[in-house]
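**Student:** my questions concern the predicted model and sequence given below.
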Protein chains: 2
Amino acid sequence: MISTPLQQGSNAERSRHRNRQAVLGQVHLAGTIGRAEIARALALTTQTVSNIIAELSDDGMLIEKGRLSAGRGQPAIQYALKPEGGYALGVEVRPDAVFAALLDLTGRAVTTERVALAGTDPDIVLDHVTMVYTRALDQVPTARGRMLGAGIVMPGPFGLTGIAGMGTDLPGWQEVDAATLFSKAIDLPVVLSNDANAAAMAERITGAAQEMNSYAYLYFGTGLGLGLIHGGQLVRGAYGNAGEIGHIPIPGPHAKLEDAVSRLSVQRHLLAAGLDVHDIDALDQLFEQKNAALMTWLDTACDALGHAVAIVENLFDPQTVVLGGAMPNGILEHFVANTPLPDLSVSNRPHAPHPRLIQGASGRMTATLGAAALILNRALTAPLSHAH
Amino acid sequence: MISTPLQQGSNAERSRHRNRQAVLGQVHLAGTIGRAEIARALALTTQTVSNIIAELSDDGMLIEKGRLSAGRGQPAIQYALKPEGGYALGVEVRPDAVFAALLDLTGRAVTTERVALAGTDPDIVLDHVTMVYTRALDQVPTARGRMLGAGIVMPGPFGLTGIAGMGTDLPGWQEVDAATLFSKAIDLPVVLSNDANAAAMAERITGAAQEMNSYAYLYFGTGLGLGLIHGGQLVRGAYGNAGEIGHIPIPGPHAKLEDAVSRLSVQRHLLAAGLDVHDIDALDQLFEQKNAALMTWLDTACDALGHAVAIVENLFDPQTVVLGGAMPNGILEHFVANTPLPDLSVSNRPHAPHPRLIQGASGRMTATLGAAALILNRALTAPLSHAH
DNA sequence: GGATTAACTCAATTCAATTGAATTATCAAT
DNA sequence: ATTGATAATTCAATTGAATTGAGTTAATCC
C-alpha cells in the first residue's frame, strides 16, 4: 500500500475543506448541535461556522432541527446530519460471496445484499461488485450523485508477505492494485482495508466507540483480527497490514493466538466433538443450549483472549478494547463478561473512565458495514492537529 | 494524559504555521533543497514557498547554501536549516540522576550534562532540572530566546496503573501533572514521554529512520520498551503509556518478555554466574571477551527478541524495526545480526524495501537526546493530511 | 547565438477567515 | 409587565495568506 503519505501544505481551499469536515464531525458527534457550540469546539468564529453551515445546508448535508433553549440568551438553532445528504457503499469480498451495504450519512444501512461468487478472479469480482453497486443505486435513487465513496474489505494480508497464501487471502489478488481496479470499475473513490480495520471504524461511526479517539478492536473473522484507532484515524501500518494479531505466538497449548480464539478454532474444536458447525446461527443455537463442547472451548478461548487484551493494552494504552465480529451476540457477551483481564497492564487503573473490554457490533455484516464506515469517517473527521 | 485531543478548525494563521513547519520539515529531510522542489513536495506555489522562506530566513532558521545546477534552467538556491536557529532541551529524569542535553535545530547536541539527584520528590527534581537548564543556557548563549521547548523523559507508566509501583516508576510522581510542573519551572513548552518513545523519535530526527514515517523502536532501558511512529508522529495511546512491551507474556521459560531481554535480565543472569555488572562499559568488556555467561544469555535473549519483533511486525506492519537504547553498541549489533526473524509475519516480504531489523542509537544518552527530538519533531513536522 | 527550460520575483487578485457593530430571542429580577 | 443580562445570530468591512499571471534571470541544449 501507501508507504509515504504525501505531506501537504495548506491553503484557503484546503482549509475550507478541512473545516467543512470538522463541522460535519461535530454535528455527527453531538447528534444535534448549534453553530456557536461548534465554533467553540473548533476554535473558529461563529461567523465562519455560520458560513460553512449555510454552505452545507445548501449542499443538502445538514438540516435544521428547531431551536434549543438552554438558559439565557437566544436559543441556538440546532442542526443535524441530513441522512440523504451523502451515501457510502460498503463491500466485503469473501472467497465465496460478495456482501454489500449502502449507508446514509448518519451511518444507517439503507440496503444490504449478498451475491454468490463463481470465482475470485479480479474480472469476476469486479463484475459482481459493479452489479451490486448498480442495484443499490436502483433501490435508492437519491444516492445517485451523492456517493461519497466505497469502502472495500478483502481478506488480507495485502501484497506478498510471509503469511500470504495461507488460505486466508484471495487467490489472484496478491499482486494487483486492488484499490485502483475497484475505483475504475465503479467510478468512486475507494478505500481498501481488511475486515478488522473496517469493523473497528464502524464502532466510531455508529457503534460503541463514538466518543472515543483511541481504542482497539478485536475482530472475530475467520481468524482473529485487530483494528487500531488512534487520534480518530486507523493505524494501518506502512503497507496496510497492521493488526494481524491472530498470528502472534502465545503461551499455552496453542501455537498462535487464533488457534485458540477464532471461528476456525471453535469449528475445529466442535468437529473433534462430532459437531459439524458452519454458520453463526448454528453456533448461536449450541450456545443457547449451553453445549458442553462449546463451553469447554469458551473457557480456553477466554484465557487466550485475555492474553490478546494484555498485549493490546500494554502496546497501545487504548481508552477501551472493543470486541466484535462475525460471532453470535450471546458468545460476544460471554467473552466480555468472562474474559480474565490481566492485572499486569497499563489499563488496569483504579478510576478508569471506561470499561476495559466492551462489546461491539456482531453478526455477518459487521465488516461490510465497517467498509462503508471507512468512507463516512473520512467525510466526518478532519485529521487532527495539535493544540499548542 | 490527554485523552481527547482538541479537534481544531483551520484559519489563515494556523495554515501559515502549518506551512512553515512543513517547509522546515522538507529542508530537514533533504538536508539542502531549493524552493521549487519544496513547493512541489507540499503542493504549494513557489511564490508561497518563497514568502515563507524569506520569513524563515529573517527569523534565522534557514541559511542559503549556494546554487545547485541540475540540468537545464536557472539553478535553484539551496537552503539548509541554520543550526543556531532554534534549540531544544532534552531532559531525562532517573531515580538517581538527571541527564540533560541541548540540541540545535539540526539535532546536534551542543551540551550534555549529568547531575546526581538526592531524591525524587518533585521539588528536588524540578530544582535540578532548572539548574541544568540554566547552565545549558550559560554555556550556549545563542540559545537564549531561541528555545523551542523541552522534552522530558521520565520512567513510566504515567498515572496510576496496574504496573505502577513496581519499581520502575518514580516515587512521588504518580499523581502530579508533571508536564505543567516542568513547564512552569523552566518557562518552556514541555512534552513528556517515556524513554522508549523519546528514543524512537530521535531516530527520525537524526538517526536511522529519517526517511521513514512508520516504524517501531525497541528500546533497552531498565526493561524493554517500545516506541511507535505512525505517520511521522508518536503513537502515545490514550493516556501516554503506549509501548509497554516488556510486560507482555511470551512462550518459553520466562513469564514476560523483559524477563528474557532487558538490562535487568542480563544483570540477573550474570549475577547468577558470579558476575556483578552494573554499567554499560562493564557489559561491553564482557562482550568483547566473549564471556560465556553473557553469550548464553544472548542466545535466549535473541529468541525472545525474535518474539517481540513478531508481535510488533504483525500488529503494526512497520517499515522497519529499530533496535536501540542503553546497551553497548556491540551487543546491539549482535542482536541485529543474530535475532531470528519470524517467517510467520506480514513483514516477511520477498522484495522488502528496508531491512526488517536495523540498529539505532545506543549508549546512555539515547533517551535524553530523544527527549529533545520530541520538540524538534514538532517544529519540523506538520501533522499530515490525506491526499484525496 | 538562439531556443528551451526552470527558478525566481513582482503586482494584482481571490479565498476564506476574522473583526466589530447591530439585531434578535430568551431568562431572570424587579 | 417591564427591564436588564446573556447568548446566538447576522451584516459589512477588514485582514492574512495563498494563488494567478506576467515578466526576469540563469543555466543547458543544439
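**Tutor:** On my side now, so go ahead.

**Student:** what's the helix or strand that contains A:Lys184 packed up against?
**Tutor:** Secondary structure from DSSP states H and E places A:Lys184 in helix A:178-186. Packing partners of helix A:178-186 (3 or more CB pairs under 8 Å, 6 or more residues apart in numbering or on different chains; DSSP states H and E): helix A:122-139, strand A:147-153, strand A:190-193. All C-beta spots, glycine's among them, are computed from the backbone N, C-alpha and C.

**Student:** in the stretch 201-350 of chain A, which spans are strands?
**Tutor:** Here the stretch 201-350 of chain A has its strands, by DSSP state E, counting those that start in this stretch, at A:215-220, A:224-230, A:233-234, A:321-325.

**Student:** pick the most buried one from those strands.
**Tutor:** strand A:215-220 (a mean of 30; mean count of other CB atoms under 10 Å in any protein chain shown).

**Student:** reformat the strands of the stretch 201-350 of chain A as JSON lines; add distance to DNA strand C.
**Tutor:** Putting the strands of the stretch 201-350 of chain A into JSON lines (distance: least, CB to the nearest atom of the strand, whole Å) gives the following:
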{"stretch": "strand A:215-220", "distance to DNA strand C": "30"}
{"stretch": "strand A:224-230", "distance to DNA strand C": "26"}
{"stretch": "strand A:233-234", "distance to DNA strand C": "21"}
{"stretch": "strand A:321-325", "distance to DNA strand C": "34"}
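
**Student:** could you export those strands as a markdown table, including distance to A:Ser10 and mean pLDDT?
**Tutor:** Formatted as a markdown table, the strands of the stretch 201-350 of chain A follow (distance: least, CB to CB, whole Å; pLDDT from 0 to 100):
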| stretch | distance to A:Ser10 | mean pLDDT |
| --- | --- | --- |
| strand A:215-220 | 29 | 97 |
| strand A:224-230 | 22 | 96 |
| strand A:233-234 | 18 | 94 |
| strand A:321-325 | 33 | 97 |
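
**Student:** out of those strands, nearest to chain B?
**Tutor:** strand A:224-230 (5.4 Å; CB to the nearest CB).

**Student:** buried sites along stretch A:133-142?
**Tutor:** By neighbour count with 16 or more other CB atoms under 10 Å in any protein chain shown, stretch A:133-142 contains the buried residues A:Tyr133, A:Ala136, A:Leu137, A:Val140.

**Student:** dump these into a markdown table; add distance to DNA strand D as well.
**Tutor:** Compiled in a markdown table, those are given as follows (distance: CB to the nearest atom of the strand, whole Å):
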| residue | distance to DNA strand D |
| --- | --- |
| A:Tyr133 | 33 |
| A:Ala136 | 36 |
| A:Leu137 | 33 |
| A:Val140 | 31 |
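
**Student:** how far away is whichever residue of the stretch 51-200 of chain A sits closest to DNA strand D from A:Val27?
**Tutor:** Closest contact between the stretch 51-200 of chain A and DNA strand D, by CB to the nearest atom of the strand, is at A:Gly73 (2.0 Å). According to CB to CB, to the nearest Å, A:Gly73 stands 21 Å off from A:Val27.

**Student:** what is the neighbour count of the closest residue to A:Gly34 other than its chain neighbours?
**Tutor:** Nearest residue to A:Gly34 in three dimensions, chain neighbours excluded: A:Ala76, at 2.7 Å (CB to CB, 6 or more residues apart in numbering or on different chains). By the criterion of other CB atoms under 10 Å in any protein chain shown, A:Ala76 has 17 neighbours.

**Student:** I figured A:Ala76 hits A:Ile38, correct?
**Tutor:** No: applying CB atoms under 8 Å as the test, A:Ala76 and A:Ile38 come out as separate, 9.7 Å apart.

**Student:** and the residue of the stretch 51-200 of chain A closest to DNA strand D, how far is that from chain B?
**Tutor:** According to CB to the nearest CB, to the nearest Å, A:Gly73 and chain B sit 23 Å apart.

**Student:** and what of A:Gln139?
**Tutor:** 28 Å.

**Student:** can you tell me if stretch A:25-37 touches DNA strand D.
**Tutor:** Yes: Stretch A:25-37 reaches DNA strand D (CB under 7 Å from any atom of the strand) through A:Gly34, A:Arg35, A:Ala36, A:Glu37.

**Student:** TSV for the residues you listed, including secondary structure?
**Tutor:** Conversion of those to TSV gives the following (DSSP: H, G, I helix; E, B strand; the rest coil):
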residue	secondary structure
A:Gly34	coil
A:Arg35	helix
A:Ala36	helix
A:Glu37	helix
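
**Student:** mind putting these in CSV, distance to A:Val98 and neighbour count included?
**Tutor:** Converted to CSV, those look like this (distance: CB to CB, whole Å; neighbours: other CB atoms under 10 Å in any protein chain shown):
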residue, distance to A:Val98, neighbour count
A:Gly34, 42, 21
A:Arg35, 42, 23
A:Ala36, 46, 16
A:Glu37, 42, 17
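
**Student:** quick check: the two most widely separated of these?
**Tutor:** Using CB to CB, the residues of stretch A:25-37 next to DNA strand D reach their maximum pairwise distance at A:Arg35 and A:Glu37, which is 7.3 Å.

**Student:** now stretch A:109-129, how far from the chain's geometric center?
**Tutor:** Distance of stretch A:109-129 from its chain centroid, counting by CA atoms, centre = their mean, to the nearest Å, is 20 Å.

**Student:** of A:Gly73 and A:Val27, who's got more company?
**Tutor:** Using other CB under 10 Å, the more surrounded residue of A:Gly73 and A:Val27 is A:Val27, with 23 against 8.

**Student:** for that one, give me its contacts.
**Tutor:** Counting by CB atoms under 8 Å, 6 or more residues apart in numbering or on different chains, A:Val27 touches A:Ile33, A:Ile38, A:Leu62, A:Tyr79, A:Ala80, A:Leu81.

**Student:** doesn't it lie inside a helix?
**Tutor:** Yes: counting by three-state DSSP, A:Val27 is located in a helix.

**Student:** between the residues of stretch A:25-37 next to DNA strand D, which is nearest B:Leu315?
**Tutor:** Taking these together and measuring to B:Leu315 by CB to CB, the closest member is A:Glu37, at 37.7 Å.

**Student:** surely the closest one touches A:Gly31?
**Tutor:** No: judged on CB under 8 Å, A:Glu37 makes no contact with A:Gly31 at a distance of 11.9 Å.

**Student:** how many neighbours does A:Ala352 have?
**Tutor:** 14.

**Student:** over to the one 10 residues further on?
**Tutor:** A count of neighbours around A:Ser362, defined by other CB under 10 Å, yields 22.

**Student:** any idea what it is bridged to?
**Tutor:** In this entry, A:Ser362 is beta-bridged to A:Gly325, by DSSP bridges.
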